[in-house]
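>>> Sequence and predicted structure below; questions after.
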Amino acid sequence: MSRAWTLASRPKGFPTLENFTLKDIPDRPLNDGEIRVKNNFFSVDPYMRPRMDEGDSYIAPFGLNEPMTGAAVGQVIETRSDRFKVGDRVSHFLGWRDVATLKAENALPLPDRDLKDEYFLDVLGTIGMTAYFGLFDVAEARPGDVVFVSAAAGAVGSLVVQIAKLRGMTVIGSAGGAEKCEFVRSLGADYTIDYKSPGQFEEKLRKVAPDGVDVYFDNVGGEQLNAAIGVAKRNARFAICGMIAMYNSDEPNGFSNLSKVISKRLSIRGFINTDFMTRRTECLAQMGYWVSKGMIKSRYTIFDGLEKGPEAFFSLFSGGNTGKALVRLGS
């Protein structure tokens, strides 16, 4: 018998525990070509909030009363596929549960090298792809650029800060509170902005970037996106991968300075990591090199036990995580 979190009802605004139910799922015999995986970790991510709503998006919404999904890493415990043997470590997309049964073709083998499971849900997984391709391909960032990163203490933002510094850029990172700002500085950011401190955000950004910003890597939307438009240099490039400030709001999100997109000739492009899936090995090679040389730091906020799944997810919106938020499952 396995257990999985299901979506019991669609949230109105900020999700609550009442929107989730932990259900037992009877085991069934494997079909040919399937494997059974005991999950060691699963990921919680901001993009999961829009999946709790009905409507069109780049990924299908969660079904009501059905097991939720997301990135996970675990060990094969049973197999009817020649792709994997018992004991192999794999990543897959059936998180939010302790044991997953899936087609072997939907799992990725992980290397035998001494690399922590956490890496494959962070710097060596889709988080790393989002940071890498978002900065270099979408925003076309280059040495000497002034780069502003929102949610710079989060999973994607903290990687963007580091790889931008590795490529010779000046980095401004925003985060909430003194402790998180200190963490962002420890990653190499040249300037930090505490978005929770008093004052207008655009004024704070303009103070540390008096000549403007060349690149904005957006994880939050809202006020910080509005401020970045105001402070951007002509021909600045914006990579938009998340809008966490807007996910729990029903209010319209207007911009007071949208006309500047024209006058400043701004390039604003939304993207998701799967846009670059055919180039995954390129990213893993570079990120893997930086990790192996100790040039990239990873920080995790770990929630222990399957029961902590919703709590871990809530932390993304309450400021309760620094770096990547993960749920660790017991032995």
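Yes, it's here. Numbers count the residues shown, from 1 in each chain.
>>> So the nearest residue to Gly134 once chain neighbours are set aside: helix, strand or coil?
Spatially, and ignoring its direct neighbours in sequence, Gly134 is nearest to Ala239 (4.4 Å; CB to CB, 6 or more residues apart in numbering). The way it works is simple: take the backbone N, C-alpha and C, and place the C-beta from them, glycine included. Here Ala239 is recorded as strand under DSSP: H, G, I helix; E, B strand; the rest coil.
>>> Was I right to think Ala239 contacts Phe271?
Yes - the pair Ala239 and Phe271 passes the contact test of CB atoms under 8 Å, sitting 6.6 Å apart.
>>> Between those two, tell me which one has more neighbours.
Ala239 (28 against 17; other CB atoms under 10 Å).
>>> picking up where we left off before, return every residue with contacts to both of Ala239 and Phe271.
Gly134, Val138 (CB atoms under 8 Å, 6 or more residues apart in numbering).
>>> Which parts of this protein are helices?
Applying DSSP state H to the chain gives helices spanning 48-51, 126-133, 155-166, 178-186, 201-208, 222-231, 260-263, 280-292, 309-318.
>>> hang on, the earlier thing: what residues does the residue nearest to Gly134 make contact with?
The neighbourhood of Ala239, defined by CB under 8 Å, 6+ apart, consists of Gly134, Leu135, Val138, Ala139, Val215, Tyr216, Phe217, Asp218, Arg269, Phe271.
>>> Nearest to Ala153 among those residues?
Distance to Ala153, by CB to CB, is smallest for Phe217 among those, at 13.4 Å.
>>> Could you give the bridge partners of Thr301?
Ala325 (DSSP bridges).
>>> can I assume it is in contact with Leu316?
No - with contacts counted by CB under 8 Å, Thr301 stays clear of Leu316, the gap being 9.5 Å.
>>> Compare the two (neighbour count), which wins?
Set Thr301 next to Leu316 and count neighbours by other CB under 10 Å: Leu316 wins out with 21 against 16.
>>> show me what contacts the closest residue to that one other than its chain neighbours?
In space, and not counting its chain neighbours, Leu316 is closest to Pro46: 5.4 Å by CB to CB, 6+ apart. Listed by CB under 8 Å, 6+ apart, the contact set of Pro46 reads Asn219, Gly242, Ile244, Tyr247, Leu316, Phe317.
>>> Include distance to Gln162 and pLDDT when you put those into TSV, please.
Shown next, in TSV, are those (distance: CB to CB, whole Å; pLDDT from 0 to 100):
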residue	distance to Gln162	pLDDT
Asn219	15	93
Gly242	18	88
Ile244	20	82
Tyr247	25	74
Leu316	20	94
Phe317	24	91
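>>> Identify, from these, the entry nearest to His92.
Out of the contacts of Pro46, the member with the shortest distance to His92 (by CB to CB) is Leu316, at 21.4 Å.
>>> The closest one is in contact with Tyr47, isn't it?
No - the pair Leu316 / Tyr47 is not scored as a contact, 10.0 Å apart, by CB under 8 Å.
>>> Overlap of the contact sets of Thr301 and Leu316?
Ala325.
>>> circling back: quick one, which of the helices of the chain is nearest to Asp112?
It is, among the helices of the chain and with distance given as CB to CB, helix 280-292, at 13.9 Å.
>>> Pull out the buried residues from that closest one.
Arg280, Cys283, Leu284, Met287, Gly288, Trp290, Val291 (16 or more other CB atoms under 10 Å).
>>> Mind putting those into TSV with pLDDT?
Formatted as TSV, the buried residues of helix 280-292 follow (pLDDT from 0 to 100):
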residue	pLDDT
Arg280	91
Cys283	95
Leu284	91
Met287	95
Gly288	93
Trp290	96
Val291	93
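>>> hmm, who's touching stretch 245-265?
11-15, 46, 49-50, 220-226, 229-230, 232-236, 266, 268, 317.
>>> what's the first-to-last distance across it?
Taking CA to CA, to the nearest Å, the first and last residues of stretch 245-265 lie 25 Å apart.
>>> circling back to that earlier point, export the helices of the chain to CSV and tack on distance to Ile77?
Shown next, in CSV, are the helices of the chain (distance: least, CB to CB, whole Å):
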stretch, distance to Ile77
helix 48-51, 26
helix 126-133, 24
helix 155-166, 28
helix 178-186, 37
helix 201-208, 49
helix 222-231, 44
helix 260-263, 52
helix 280-292, 26
helix 309-318, 21
